[in-house]
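Asker: Generate a structure from the sequence data that follows.
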Amino acid sequence: MSCTHSLTAVILTKNEEGQVTRAIESLRFCRRIIVLDSGSTDSTQLVAEAAGAEFVVHVPEPPFRISQQRNWALAHLEIDTEWVLYLDADEVVPEALAKRLTGLAADENVALDAYELTPRYLFWGKWLRRTQGYPNWHPRLVRHGRADFAGGVWEHFTEGTRVGKIYEPYDHYANSKGLRDWLDRHYRYAAWDAERIIDALESGNPEALGTTRKRWLRRLAARFWPLRPFARFLQMYIFRLGFLEGWTAFNFCLLYFCYEVMTINLIVENRRRRAGKDL
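Answerer: Numbering: from 1, shown residues only. Model (predicted):
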């Protein structure tokens, strides 16, 4: 079975007119390329269809959860290939990874249910290899009917899935839509994280943080939540040797410091709201 008959690519989008073509072009080795949109108001549909992709709209009930949208794709898109590859609009599959995926999809002896892939995290044109702890693993390749996603924002494969790793990286252009988009996106992440932390602290149940492979780390971060900005900066810039990657890395670490500040502010705000106090 050749890759062109065993691999479908699904790209999740919302207002991605400026970059979805690049992602689509990198996926020509797949039999089908489907753009699954969650309610774009720009010309994403016209651009995607002009590039040759199928376009499907599914606007889930808020708040948006990546894992739920990916599971919806598996359940409703009538995918007829053995493997499903997930890509975001700001990501690209280089030639080396395309060849690896082609070989895997054509191999009838593969016993695993899913694979994690790792990104080259590109910011201002620079690969932040140390700062982002390369390789870091993301659930992206699924054998259709054999695995699902869980975890809300920070998604992972469901328990019991037989998971492998593919070491050829994909490229992630993390800031391709600029600072405003980065801040908006990470505000949503911070809001989700804050809610989970409050629920865990108030209930005494760490499972409220969600099921994730790094449970111990999330529980530690929830317990000592006021220290998160400093811990994140030290982890990325010092312990991972991010300082060796220059000014770009320093700026990027400051952005993540700000993300954690947003998280602790939202924890305080939400706690005060629940207690009926003024903000």
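Asker: Could you use CA atoms for every contact and neighbour count after this?
Answerer: Fine.
Asker: which non-adjacent residue is nearest Leu122?
Answerer: Ranked by Cα to Cα, 6 or more residues apart in numbering and with sequence neighbours excluded, the top spatial neighbour of Leu122 is Tyr173, at 5.0 Å.
Asker: What residues does that neighbour make contact with?
Answerer: 90-91, 121-123 (Cα atoms under 8 Å, 6 or more residues apart in numbering).
Asker: Please flag which of these sit within helices.
Answerer: If you go by DSSP state H, the contacts of Tyr173 have nothing in helices.
Asker: Tell me the buried residues in the lengthiest helix in the chain?
Answerer: Secondary structure assigned by DSSP H gives helix 246-274 as the longest helix of the chain. For helix 246-274, a neighbour-count test (16 or more other Cα atoms under 10 Å) marks 248-250, 252-267, 269-271 as buried.
Asker: Going through the contacts of Tyr173, which ones are buried?
Answerer: Applying 16+ other Cα under 10 Å to the contacts of Tyr173 flags 90-91, 121-123 as buried.
Asker: give me phi/psi at the residue nearest to Leu122?
Answerer: Dihedral pair for Tyr173: phi -90, psi 90, per degrees, to the nearest 10.
Asker: Repeat that for the one 4 residues further on.
Answerer: In terms of degrees, to the nearest 10, the main-chain angles of Lys177 are phi -110, psi 10.
Asker: What ranges does the stretch 1-150 of the chain have for its helices?
Answerer: Under the criterion DSSP state H, counting those that start in this stretch, helices of the stretch 1-150 of the chain are mapped to 20-25, 44-50, 66-76, 95-106.
Asker: helices or strands next to the second one in the packing?
Answerer: In other words, helix 44-50. Packed against helix 44-50 by the contact rule (3 or more Cα pairs under 8 Å, 6 or more residues apart in numbering; DSSP states H and E) you find helix 20-25, strand 54-57.
Asker: Show me what the first one is packed up against.
Answerer: Pointing back at helix 20-25 there. helix 44-50, strand 91-92.
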